[in-house]
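Chemist: Here's a sequence, model it:
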Amino acid sequence: MVENFNFHGQTTFINRPVNTVIQDFQNTHSALPGQEHLAELLRLVLSSSDLPDQDKEEAANVIQGVAVDLDRAEPDEAAAKTKLEMLRTGLTHAADIAGPASTILTSILGALGT
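Modeler: Okay, here's the model as predicted:
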């Protein structure tokens with residue numbers, strides 16, 4: 001089954017299947033260490049049945065922002081950590097992905113030295 005999401009505004013995944021969004025994310029951030037964790041987190045967010053579309057859009061934009069922060073010549077780990085902590089708080093309301101998302105976020109934050 002292929003799910004399409006319709007988001008409005010500046011996004012990289014308007015009207016696109018989840019697998020395409022993930023593949024584009026991986027291709028864009030292929031050199032980023034640990035990008036597979038962010039890609040899996042993005043997949044969880046977009047596949048959640050508990051998150052409304054607007055929350056999915058916001059969370060996906062945060063994940064994209066974290067990747068951009070970390071994929072710079074001089075990574076902005078402080079900004080990435082702040083965004084990840086906000087994301088952790090926001091995803092606690094999505095019962096279907098809260099546990100796996102928390103595990104992934106803990107792993108990413110641990111790699112960043114939190």
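Chemist: Okay, helices next: where are they in the chain?
Modeler: According to DSSP state H, the chain carries its helices in the segments 18-28, 35-47, 53-70, 77-91, 98-111.
Chemist: which one of those has the lowest average pLDDT?
Modeler: Comparing the helices of the chain by mean pLDDT, the weakest confidence falls on helix 18-28, with a mean of 89.
Chemist: Distance from the chain centre to that helix, please.
Modeler: Distance of helix 18-28 from the chain centroid (C-alpha atoms, centre = their mean, to the nearest Å) equals 11 Å.
Chemist: for that helix, packing partners?
Modeler: Based on contacts counted as 3 or more C-beta pairs under 8 Å, 6 or more residues apart in numbering; DSSP states H and E, the elements that helix 18-28 packs against are helix 35-47, helix 53-70. The C-beta positions use only the backbone N, C-alpha and C, and glycine is treated the same way.
Chemist: So for Leu105, which of those helices sits nearest?
Modeler: With distances scored as C-beta to C-beta, the stretch of the helices and strands packed on helix 18-28 nearest to Leu105 is helix 35-47 (7.1 Å).
Chemist: C-alpha coordinates for stretch 77-93, PDB please?
Modeler: Once non-C-alpha atoms are left out, stretch 77-93 reads as follows in PDB (Å, rounded to 0.1, in the frame of the first residue of the first chain):
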ATOM      1  CA  GLU A  77      25.100  20.500  17.000                       C
ATOM      2  CA  ALA A  78      23.500  22.800  19.500                       C
ATOM      3  CA  ALA A  79      20.700  23.800  17.100                       C
ATOM      4  CA  ALA A  80      20.300  20.100  16.100                       C
ATOM      5  CA  LYS A  81      20.000  19.000  19.800                       C
ATOM      6  CA  THR A  82      17.400  21.700  20.500                       C
ATOM      7  CA  LYS A  83      15.300  20.700  17.500                       C
ATOM      8  CA  LEU A  84      15.600  17.000  18.500                       C
ATOM      9  CA  GLU A  85      14.500  17.700  22.100                       C
ATOM     10  CA  MET A  86      11.500  19.700  20.800                       C
ATOM     11  CA  LEU A  87      10.700  16.800  18.400                       C
ATOM     12  CA  ARG A  88      10.900  14.300  21.300                       C
ATOM     13  CA  THR A  89       8.300  16.300  23.300                       C
ATOM     14  CA  GLY A  90       6.000  16.600  20.300                       C
ATOM     15  CA  LEU A  91       6.100  13.000  19.400                       C
ATOM     16  CA  THR A  92       5.100  11.700  22.800                       C
ATOM     17  CA  HIS A  93       1.400  12.300  21.800                       C
END
